[in-house]
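Student: Predicted coordinates and the sequence they were generated for:
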Amino acid sequence: MSNPVSDEITRSTAAELAERIHRREVSAVEVTQAHLDRIAGVDPEINAFLHVDGTGALAAAEAVDAALASGEAPASPLAGVPLALKDILTTKGVPTTCGSRMLEGWLPPYDATVTRRLREAGVVVLGKTNMDEFAMGSSTENSAYGVTRNPWDRDRIPGGSGGGSSASLAAFEAPLAIGTDTGGSIRQPGAVTGTVGVKPTYGGVSRYGLVAFSSSLDQAGPCARTVLDAALLHEVIGGHDPLDSTSIDAPVPPVVAAARQGASGDLTGVRVGVVTQFAGEGYQPGVLRSFDAAVQLLAELGAEIVEVSCPHFDYAMGAYYLIAPSECSSNLARFDAMRYGLRVGDDGARLSAEEVMSLTREAGFGPEVKRRIMIGTHALSSGYYDAYYGQAQKVRTLIARDFAAAYEKVDVLVSPTTPTTAFRIGERVDDPLAMYLADLCTIPANLAGNAAMSVPSGLSDEDGLPVGLQVMAPAQADDRMYRVSAAFEVARDAAQGGPLIHRVPDLAVTA
Amino acid sequence: MSALVDLMDYDDVLATYDPVLGLEVHVELSTNTKMFCGCPTDFGGEPNTQVCPTCLGLPGALPVVNGKAVESAIRIGLALNCQIAEWCRFARKNYFYPDQPKNFQTSQYDEPIAFDGYLDVVLEDGETFRVDIERAHMEEDTGKSLHVGGATGRIHGAAHSLLDYNRAGVPLIEIVTKPIVGAGERAPEVARAYVSALRDLLRALDVSDVRMDQGSLRCDANVSLMPKGGDTFGTRTETKNVNSLRSVERAVRFEMSRQGAVLSGGGSIVQETRHFDESSGSTSAGRRKETSEDYRYFPEPDLVPVAPSREWVEELRGTLPELPWERRRRIQQEWDLSDAEMRDLLNAGAVDLIAATVEAGASSAEARSWWVSYLLQQANLRGEELAALPITPVQVARVIELVTTGTLTNKLARQAVDGVLAGEGEPDEVVAARGLKVVSDESALRTAVEAALAANPDVAEKIRGGKVQAAGAIVGAVMKATKGQADAKRVRELVIEAVSA
């Protein structure tokens, strides 16, 4: 059962909705209800949400309407706009599972800084989105609560780990979402769902309350259907947080202004580097063709295109799969049944605490999480540390140097976001290495702590599925990639006859 | 337990082996808040009331370094003559234990904040022994486990355990010595004197309560033996739960005797953690580990490096108080004391009291005399420490002043002190209430002298005949008549005056 008024709301951008809510042409409650209805209608098919907090969302929307009715200025440019929150950011009193059995039923006693900033900005949190367990994966197939389906083709994965957040955007269940990106978990789902996903500069958005997978790589960021919406959300969640020691104590780069500037469509004088390492074997031809067309479009907008070689990027994957598991083996040690979450084997007498810990971890973690804990435990053990963790850190330094050298020649770097379009559910579950390749192009920016985003470049000509263009920028120069992406977005829609996202197939709505 | 352990006679141990010590002291800092969060650090709160997401290690919570703790660490390092790192990091020490909320301890590993220092320790006989300091590093404390239902209160045999995380995250400084060699028979004494000196130092720095009984200062003693004259260290044991200065000494001595017996019996020492039992004075083996623990240290990615500027370090050096042993050296010089006299004062716990009395205006000789004679007697009678007497250095200084100005005689002064000790108020109040003032009315004294001479004509005659010492009887009679409130010296002068008139 489709409702034209609701459809018109759910297909709007966040910027449009905010404007109409602030002008009081539509209430935040109506907007929220339309999205809750949409979720009720399509999510049984998509499974983007692990938890929908209808009561909390409507209460937040009512508060925004009440404030506006009493003549107050909106708390932020996004006040009243609904959002889907990845289930790895803590929400006080609202379940936070990280896609794991380990945290089933856990109600956090505190809000993440991102959650708190969203609430303070009047953004309406609809619920928590599905993800690969503890953000480890590229397909959401590692979720303990079932796979999320890609709205473009429900037999295909929506990317991961933040597949729930990106799928909720493509299914018009939410106009905004929050993801977290350790090796590509925002950008790769963005690419395969035809949505925008941004990994801000490391330290640009607080990690306080983001359940850690790999502390030196994890970064929360905005997901949206347009570049401007992502920028608006970026400014709401970004900025220094004294509770996160690794948070940057500097103003948020002017990303909204940059997105608006970019929308004028002129990139004259902007130097765009094409990373030569990201092509060749393993890349789907349709992806490469879409990428080449995107580069051509950037040139037509006035950008100067330069080929750039970053030789150490070839070692990024290896370094990543030592550093991230090492940190994860330590970060996930706290899940031991003693204080919260799952507890297995505690019969009150027979078993020791150590045995209960062991049984709980055996039962509570899925195979990919266990695999990484074991890799990381091994990599950090004495006698192996220098050869693995130590060496990986050196590679990391070399990759950062490659970036620094490249950014002396160009303003931004571009590449395909991911080597292929969305693969079929089940296709790579038995082949971890094939799964890891989905993050081939996204990992270097995490290792260097730089900014990177994915903006849809079009549909692959061989399978009709979305392809992402990755735009990367130096640390704390996030605004540069927003400008380029926004300019590209306008030119792409003009060239391809309207917003790409509107070409998502209609979903059957459950009455 | 100790009955099962073979011990070697201490002298025999020393005849065959040289002991090597290594002392690890954990000090809880007395900062208001924990190492990585804003929770209070007060001792003795209701269990699990001083906790937050960070010190409970809840998913998503992050640490932030307590600047005051870093400051304390640097001051401790400076006082221990250490180098202060220009750049250092925290590291994660990974191991599973229920009282550790994250199952890793945020500590420092190969980049301690302070390193390469020393502490000069004064032994009982005044000899100085230099203990080299390897490092002092920052870390967080664990929670506390209470094991219920077992015989020993230890985890082995317990039916269940209770966890209190109030202590989890309290800032700790771990101070590690280099191997202490060459102490020989004095090894137990050196160990005790080191911990004692460290405690004095930390107290002077005002960075910790240093209460061994409450666990704010904890010592682990590593002991090994090597063949006499050798230079290859033997296998060591680490004895934990050494909770008093006396225990430090006893634990080292016990381990030396135990290890001596094992080694001379042809056995070998197992590298293990041992537990000190206060009541028996013995150590017992902890749970033996099949493999050595691999803590998988790596730099803590949730924290940024600590890089104290040289300006700040120098500024902190300027805040160091006079160190206890420097102060003692200065006081000994200023008061012109022999080593033996100084040691007596130290043993009596009188140095601070005397110094404060001098500060309040008394001469050091008078102050010393009061504290180590009359007041020490009173303390001994009461079975109390000198410092526990209910009289302050300021009050003692006032009594001394009253004597110096002639208001009180020494005898009256003792009565004034008795009054203060009895809770009768300030010295002046006691003097007034008890009517202790010296009779200084000359005419009244002369009358009393005349009366006494008249009552004892034979004594008066003796004095006139040149036996001046006979005057004592007349002085005594006058003192009796004035109820002791006359200045005996003046009375004597008046007696001589009267007979020679």
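Tutor: It's in. Residues are numbered from 1 along each chain as shown, chains lettered A, B, ... in the order given.
Student: Spell out the residue ranges of the strands in chain A.
Tutor: Remark: strands assigned in chain A by DSSP state E are A:49-52, A:82-86, A:124-129, A:176-180, A:196-199, A:220-224, A:271-275, A:304-308, A:412-416, A:451-459, A:466-473.
Student: Put together a markdown table for these, with mean pLDDT on each row.
Tutor: Listed next are the strands of chain A as a markdown table, based on pLDDT from 0 to 100:
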| stretch | mean pLDDT |
| --- | --- |
| strand A:49-52 | 98 |
| strand A:82-86 | 98 |
| strand A:124-129 | 98 |
| strand A:176-180 | 98 |
| strand A:196-199 | 98 |
| strand A:220-224 | 98 |
| strand A:271-275 | 98 |
| strand A:304-308 | 97 |
| strand A:412-416 | 98 |
| strand A:451-459 | 98 |
| strand A:466-473 | 98 |
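Student: Quick check, the residue in the stretch 1-150 of chain B closest to chain A?
Tutor: B:N103 (3.6 Å; Cβ to the nearest Cβ). In this view, the C-beta of every residue, glycine as well, is placed from N, C-alpha and C.
Student: Spit out the contact partners of that residue.
Tutor: Applying Cβ atoms under 8 Å, 6 or more residues apart in numbering or on different chains to B:N103 gives the contacts A:A333, A:R334, A:D336, B:G57, B:N94, B:Y95, B:F96, B:Y97.
Student: show me what contacts the closest residue to the third one other than its chain neighbours?
Tutor: Once its chain neighbours are removed from consideration, A:D336 has its nearest residue in A:M357; the separation is 4.4 Å (Cβ to Cβ, 6 or more residues apart in numbering or on different chains). Each residue near A:M357 by Cβ under 8 Å, 6+ apart is listed here: A:D336, A:A337, A:M338, B:F96.
Student: I'd assumed B:F96 was in contact with the first one.
Tutor: Yes: contact between A:D336 and B:F96 holds when scored by Cβ atoms under 8 Å: they sit 6.6 Å apart.
Student: returning to that earlier point: A:T397: which of the contacts of A:M357 is nearest?
Tutor: B:F96 (31.8 Å; Cβ to Cβ).
Student: Tell me the predicted confidence for that closest one.
Tutor: B:F96 carries a pLDDT score of 93 in this model.
Student: ok, B:V431 touching B:L402?
Tutor: Yes: counting by Cβ under 8 Å, B:V431 touches B:L402, with 6.9 Å between them.
Student: How about the contacts made by A:Y320?
Tutor: Here A:Y320 is in contact with A:G183, A:L217, A:A392, A:D439, A:I443, A:N446, A:L447 (Cβ under 8 Å, 6+ apart).
Student: what mean pLDDT does stretch B:259-275 have?
Tutor: On average, stretch B:259-275 scores 93.
Student: got the contact list for it?
Tutor: So stretch B:259-275 is contacted by B:5-8, B:12-13, B:16-17, B:154, B:223-225, B:234-241, B:255, B:283-286, B:288-289, B:292 (Cβ under 8 Å, 6+ apart).
Student: isn't there a helix covering B:L402?
Tutor: Yes: with DSSP: H, G, I helix; E, B strand; the rest coil as the criterion, B:L402 is part of a helix.
Student: what's the neighbour count on it?
Tutor: Per other Cβ atoms under 10 Å in any protein chain shown, the neighbour tally for B:L402 reads 21.
Student: That one and B:T357: what is the separation?
Tutor: 14 Å (Cβ to Cβ, to the nearest Å).
Student: Quick check: residues of the stretch 201-350 of chain B near chain A?
Tutor: Counting by Cβ under 8 Å from any Cβ of the partner chain, the stretch 201-350 of chain B comes close to chain A at B:D294, B:R296, B:Y297, B:F298, B:P301, B:D302, B:L303, B:V304.
Student: Buried ones from the contacts of stretch B:259-275, can you make that a ChimeraX selection?
Tutor: Entered in ChimeraX, the line below selects the buried ones among the contacts of stretch B:259-275, by 16 or more other Cβ atoms under 10 Å in any protein chain shown:
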select /B:5,7,8,13,17,223,224,225,234,236,237,238,239,240,241,255,283,284,286
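Student: Give me the subset of the contacts of stretch B:259-275 lying in helices.
Tutor: Secondary structure from DSSP state H places B:D12, B:V13, B:T16, B:E255 of those in helices.
Student: Give me the secondary structure label for the closest residue to the second one other than its chain neighbours.
Tutor: The shortest distance from B:V13 to any non-neighbouring residue, by Cβ to Cβ, 6+ apart, is to B:G260 (3.6 Å). Taking three-state DSSP as the rule, one finds B:G260 in the helix state.
Student: Pull the number of nearby residues for the nearest residue to B:I391 once chain neighbours are set aside.
Tutor: For B:I391, ignoring the flanking residues on the chain, the nearest one in space by Cβ to Cβ, 6+ apart is B:V420 at 5.0 Å. By the criterion of other Cβ under 10 Å, B:V420 has 21 neighbours.
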